[in-house]
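Enquirer: Just to be clear, the model below is a prediction. Sequence and coordinates:
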Amino acid sequence: MRFGSNFVMPFLVLGDPNYSTSLKLLRIAAESGANALELGFAFSDPIADGPIIQAANYRALSSGITTEKSFMLLKELRKHSDIPISIMVSMNMVFRYGIAKFYNKCKTLGIDAVLCPDCPLEEIGELLAESKKNKIYQVFMVAPSTSSKRLAEISKHASGYIYLVTVRGTTGIRKSISKEVAGLIKKTKSSINLPVYVGFGISSRQHVKQVIEMGADGAICGSAIVKMIKAKNPPLEKVRKFIKSLSLD
Amino acid sequence: MKLRTKFGAFGGIYIPEMMVAAMEDVEKAFIRCRKDRNFNNKLSGLLRDYAGRPSPLYLAENFSRDIGCKVYFKREDLLHTGAHKINNTLGQVMLAKQMGKKEIIAETGAGQHGVATAVVCALFGLSLKVFMGAKDIERQKPNVYRMQLCGAEVVPVTAGSQTLKDAVNAALRYFLGRVDTCYYVLGSVVGPHPYPMMVQHFQKVIGNEARRQILAREGRLPTHVIACVGGGSNAIGIFDAFLRDKVRLIGVEAGGNGKKHGKTLSQGEVGIFQGSKSYVLQNKDGQIEEAHSISAGLDYPGVGPVHSFLKESKRAMYTSATDKEALHAFHYLSRKEGIFPALESSHAIAFVLRNRKMFSSNDILLISLSGRGDKDINQVLSFGK
Ligand SMILES: Cc1ncc(COP(=O)(O)O)c(C=O)c1O
């Protein structure tokens, strides 16, 4: 099992702000105490993302990043690091690449997991078949509005870990962790026998600690990191320090 | 979901998990309301007394003489707020009210759907936010004022192409944060299930009326039914009643300026965009491309899944008219019939003007005049004659 407990998972957009700097950032993220990486394929119209990650998608695409180049970045990263990697990719990009071809490519590159944020249970069929065939984990999202009945259904199909979204809204920086998160973690863990990582709004070491104390197996931190990558020459040392600071020991 | 979410291979519900329960609730309310006699009586009453239905069926004799066969217009332009959009907003806002929602949101391109939502929210005393691309705010000023007069807040969207697609993204993102309290009134037969089916349900009144009206006038059905296609709501609204008849159905998309366009069905490829699978303007990686049209309402890189289905099954045919042709049609109809067609609807007229040779004297054409052109006067003026 490549996804375990007390996991800190930084999120970056592949190709943000451009190919070469992105590769540096990926290596930094992989070597700064993170337990796994969540890496996004840049998409023109990400509906679950707030302004910070929308801007990252835009930077990457403007710099000329493509699906093929995103895979090249992953290939480069794999030469240096064996860290578990989960891909966050919009359904249309997988569909256009060819679902079977996409999963097969992931397998070739040693990708561990795939999450399509705009592909819910209702439409997951084809992805699931390919994920099984290629032995790639298919990650599912769970939200505050996910019913117990639905949790049971998700538990039949999900693998790798559960991406628990505890906030209402898009990705972005949040000031605090609400008290109801503990209940959501408990409810999810009681139906699904997989590590539960909390994502969306995790913005500091404090937040990581809090959700883990509440019973989560890990935390995914995106916007707070991506926010630092505004310019062509992002403060690499600052990013390294911040990611280090998120780790629990 | 309880209902079929697909039109053949198209449609579906491609949205984040966070939104699924909300769509289930909307579907549940829709199933209840469409069978509910009180709901339907109240809706027909409002469609009649507030919106002005049935809209007239008009035989355009001057136009007919030029084309060489009878041409009828279904006059959605004469409805309150000046377009077919109000058929859908009355239905959806009543549904939202039944669901106990307090806050309404909508996207808008030309501003027609925004205005049609704003008047109904004023009527029902509901608060409304309308997301509108900054570029569209600029070219559709009068509609922005009309929404504000009704007490709606118009939220400028500066992301991306600053047009309809980005307004839909902004509305979806806003909705994601308020799924419990907010209702999103989508303006066309696009988006995730149940919107395509629900908007079609509320718009099919156009074709049902037109079918009755033309049978009463002519004793037979039209040979061709023609409508412009942005998201596709006025088109499926008028097509719906004729799907099982021997009638040619023609959708006209935005041909744009030669370089950029809105020819989603004729030049796009199948993809997944804003909640459903359908034809999409996109590059080979699946990045969504910017559309272009002189008419804000057709300036959209997606299209309703029902049209993708009708295209694939060859039940309908899809073509396009350019910015220039639409502009010409606008002037033509003003001069010939004293009717200002919306620039969107002008595309349907332009198709007929361009293809007059394709019709024979026995044909009867039925054109969806989806809206009036008053909103476009300034823009048309800016192009000169
Ligand atoms: C008058 C008019 N016609 C057509 C459209 C295009 O929408 P649809 O294709 O959904 O009818 C619009 C959209 O704003 C409109 O205002």
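Expert: Yep, it's here.

Enquirer: hmm, who's touching the longest strand along chain A?
Expert: Longest strand in chain A by number of residues (criterion: DSSP state E): strand A:7-13. For strand A:7-13, contacts defined as C-beta atoms under 8 Å, 6 or more residues apart in numbering or on different chains pick out A:22, A:25-26, A:29, A:33-42, A:53, A:56-57, A:59-60, A:86, A:88, A:161, A:195, A:197, A:199, A:208, A:217-222, A:225-226, A:229, A:243, A:246-248. Glycine gets a C-beta too; all of them are placed from N, C-alpha and C.

Enquirer: With stretch B:259-266 instead?
Expert: So stretch B:259-266 is in contact with B:229-230, B:251, B:253-256, B:267, B:278-281, B:290-293, B:298-303, B:307-308, B:311, B:318-320, going by C-beta under 8 Å, 6+ apart.

Enquirer: Helix, strand or coil: sort out the residue of the stretch 201-350 of chain B found nearest chain A for me.
Expert: Closest to chain A within the stretch 201-350 of chain B is residue B:286: 3.4 Å, counting by C-beta to the nearest C-beta. What DSSP: H, G, I helix; E, B strand; the rest coil gives for residue B:286 is coil.

Enquirer: Check what pLDDT the residue nearest to it when sequence neighbours are not counted gets.
Expert: Excluding the flanking residues, the one nearest residue B:286 by C-beta to C-beta, 6 or more residues apart in numbering or on different chains is residue A:96, at 3.4 Å. We have a pLDDT of 98 for residue A:96.

Enquirer: go on, the one 3 residues further on?
Expert: Reported pLDDT at residue A:99 in the predicted model: 98.

Enquirer: Can you verify my assumption that it contacts residue A:125?
Expert: No. With contact defined as C-beta atoms under 8 Å, residue A:99 does not reach residue A:125; the gap is 10.0 Å.

Enquirer: Which of those two has more residues huddled nearby?
Expert: Comparing residue A:99 with residue A:125 by other C-beta atoms under 10 Å in any protein chain shown, the one with more neighbours is residue A:99, at 17 against 11.

Enquirer: Contact partners for that one?
Expert: So residue A:99 contacts A:126-127, A:130 (C-beta under 8 Å, 6+ apart).

Enquirer: sorry, back to before: what is the burial count for the residue nearest to residue B:286?
Expert: Around residue A:96 there are 22 residues (other C-beta under 10 Å).

Enquirer: again with residue B:381
Expert: Around residue B:381 there are 9 residues (other C-beta under 10 Å).

Enquirer: so how far is chain A from it?
Expert: Separation of residue B:381 from chain A (C-beta to the nearest C-beta, to the nearest Å) stands at 34 Å.

Enquirer: Just confirm that residue is within a helix.
Expert: Yes. Counting by three-state DSSP, residue B:381 is found in a helix.

Enquirer: and residue A:153, which of the three is it?
Expert: Per three-state DSSP, the secondary structure class of residue A:153 is helix.

Enquirer: what about the longest helix seen in chain A and chain B, any contact?
Expert: Counting by DSSP state H, the longest helix found in chain A is helix A:67-80. Yes. Helix A:67-80 reaches chain B (C-beta under 8 Å from any C-beta of the partner chain) through residue A:67.

Enquirer: re earlier: ok, of the contacts of strand A:7-13, which come out buried?
Expert: A:22, A:25-26, A:29, A:33-42, A:53, A:56-57, A:59-60, A:86, A:88, A:161, A:195, A:197, A:199, A:208, A:217-222, A:225-226, A:229, A:243, A:246-247 (16 or more other C-beta atoms under 10 Å in any protein chain shown).

Enquirer: Name the nearest residue to whatever residue of chain A ends up closest to the ligand, ignoring sequence neighbours.
Expert: Closest approach between chain A and the ligand, counting by C-beta to the nearest ligand atom: residue A:45, at 19.0 Å. Residue nearest to residue A:45 in three dimensions, not counting chain neighbours: residue B:288, with 5.1 Å by C-beta to C-beta, 6+ apart.

Enquirer: quick one: contacts for that neighbour?
Expert: Residue B:288 is in contact with A:44-45, A:92, B:165, B:273, B:280-282, B:301-302, counting by C-beta under 8 Å, 6+ apart.

Enquirer: One more pass at 10 Å, please.
Expert: Neighbour list for residue B:288: A:43-45, A:90, A:92, B:160-161, B:165, B:169, B:268, B:271, B:273-274, B:280-282, B:301-302 [criterion: C-beta atoms under 10 Å, 6 or more residues apart in numbering or on different chains].

Enquirer: In three-state terms, how would the residue nearest the centre of chain A be classified?
Expert: Note on chain A: the residue nearest the mean C-alpha position is residue A:38, at 3.3 Å, using C-alpha atoms, centre = their mean. Secondary structure state of residue A:38, per three-state DSSP, is strand.

Enquirer: what ranges do the strands span in chain A?
Expert: Taking DSSP E as the criterion, chain A contains strands spanning A:7-13, A:37-40, A:85-88, A:113-115, A:137-138, A:140-142, A:162-165, A:196-199, A:218-221.

Enquirer: okay, the ones you listed in CSV with distance to residue A:233 and mean pLDDT next?
Expert: What follows is the strands of chain A, written out as CSV (distance: least, C-beta to C-beta, whole Å; pLDDT from 0 to 100):
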stretch, distance to residue A:233, mean pLDDT
strand A:7-13, 16, 98
strand A:37-40, 21, 98
strand A:85-88, 25, 98
strand A:113-115, 30, 98
strand A:137-138, 35, 98
strand A:140-142, 34, 98
strand A:162-165, 31, 98
strand A:196-199, 28, 97
strand A:218-221, 22, 98
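
Enquirer: burial of the residue nearest to residue B:76 when sequence neighbours are not counted, as a residue count?
Expert: Residue nearest to residue B:76 in three dimensions, not counting chain neighbours: residue B:84, with 4.0 Å by C-beta to C-beta, 6+ apart. For residue B:84, the neighbour count with other C-beta under 10 Å is 33.
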